[in-house]
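# structural data only, the sequence is not supplied:
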């Protein structure tokens, strides 16, 4: 049975704590990395969702909101653009929260994740400008846990500038992402 990867904070519940090495054992809203998105959403839901535009069209990210979600307000799934099975290569759950509160929660959760992923390689907290905001005023603060096969889990806080918030109607957010090495490499080399 799959174990759920969720925060111990913000009304999140962690079930069966233990040390984990297989990223596919974890889920966001019941969805695991490498699942077919069609197991969870209709093709119409996926195709009609908000999309993230990348310069390189190899991958597509769909942003989905649903009243069925119990923990997150929205999720993003990334799949190969021409994959008819919509195999999930990256999944992220978003919870909208003030950046200052998010950072407090991120620091508290860090210790729990260190215990949960003792065999993963951890990159310490970094804060940098979000590439979608050319002014450099929107920031991301995140921590990565990388697994032996290169897949990773990322705990992040997004701090959008007031201009970006107004323009796009975006809110600061807490995000947890479970991603494949291939998509992480794609995101790193292909900005918006």
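Looks like it came in fine. Treat the numbers as computed from the prediction; the structure is a model and nothing was measured. Residues are numbered from 1 along each chain as shown.
# buried ones in the longest helix seen in the chain?
Using DSSP state H to define each element, the chain has its longest helix at helix 99-116. By neighbour count on 16 or more other Cβ atoms under 10 Å, the buried set for helix 99-116 is 99, 102-103, 105-106, 109, 113, 116. In short, each C-beta sits where N, CA and C put it, glycine included.
# cool, stretch 62-71 as well?
Residues of stretch 62-71 classed as buried by neighbour count (16+ other Cβ under 10 Å): 62, 64, 69, 71.
# which of those residues sits closest to residue 39?
Comparing the buried residues of stretch 62-71 against residue 39 with Cβ to Cβ places residue 64 closest, at 13.5 Å.
# which helix or which strand is home to residue 45?
Per DSSP states H and E: residue 45 is located in helix 43-47.
# just checking, what packs against that helix?
Taking 3 or more Cβ pairs under 8 Å, 6 or more residues apart in numbering; DSSP states H and E as contact, the helices and strands that helix 43-47 lies on are strand 59-64.
# residues contacting the strand it packs on, please?
Applying Cβ atoms under 8 Å, 6 or more residues apart in numbering, the external contacts of strand 59-64 come out as 37, 41, 45-46, 49-52, 54, 74-81, 89-90, 183, 186.
# dig out what the residue nearest to residue 50 when sequence neighbours are not counted forms beta bridges with.
In space, and not counting its chain neighbours, residue 50 is closest to residue 63: 4.2 Å by Cβ to Cβ, 6 or more residues apart in numbering. Taking DSSP bridges, one obtains residue 50, residue 76 as the residues bridged to residue 63.
# do you know how far residue 63 is from residue 114?
As judged by Cβ to Cβ, to the nearest Å, residue 63 and residue 114 stand 29 Å apart.
# pLDDT weak spots in this protein?
Scanning the chain for pLDDT under 70 picks out 1-22, 191-192.
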